[in-house]
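Participant: Could you work out the structure for the sequence below:
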Amino acid sequence: MKSNTKNSAEGRIHQARGKIKETIGKIVNNHELEIEGKVEDAEGKIQEKIGEIENIIEK
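Facilitator: Prediction:
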């Protein structure tokens, strides 16, 4: 798997996990888990963008 494809895929996985953590944190009123989910979601978005940039550079 190419680095850019890997970054994009892993970024989407981190976003999904982050959203799940954020939702669970809201449901159980755990602010730390909610924040952790938001951070992981943001990291996933950044990683996905890195993959997109790498894809543009390779072209």
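Participant: where in the protein is pLDDT low?
Facilitator: 1 (pLDDT under 70).
Participant: Can you show me the helices along it?
Facilitator: Ranges of helices within the chain are 3-27, 31-58, based on DSSP state H.
Participant: Show me what the shortest one packs onto, helices and strands only.
Facilitator: Judged by 3 or more Cβ pairs under 8 Å, 6 or more residues apart in numbering; DSSP states H and E, helix 3-27 is in contact with helix 31-58. (Each C-beta comes from the backbone N, C-alpha and C, glycine too.)
Participant: any idea how far the residue nearest to the spatial centre of the chain is from His31?
Facilitator: Central residue of the chain (Cα atoms, centre = their mean): Gly44, 1.9 Å from the mean position. Separation of Gly44 from His31 (Cβ to Cβ, to the nearest Å): 20 Å.
Participant: now Ile20
Facilitator: Ile20 is 16 Å from His31, by Cβ to Cβ.
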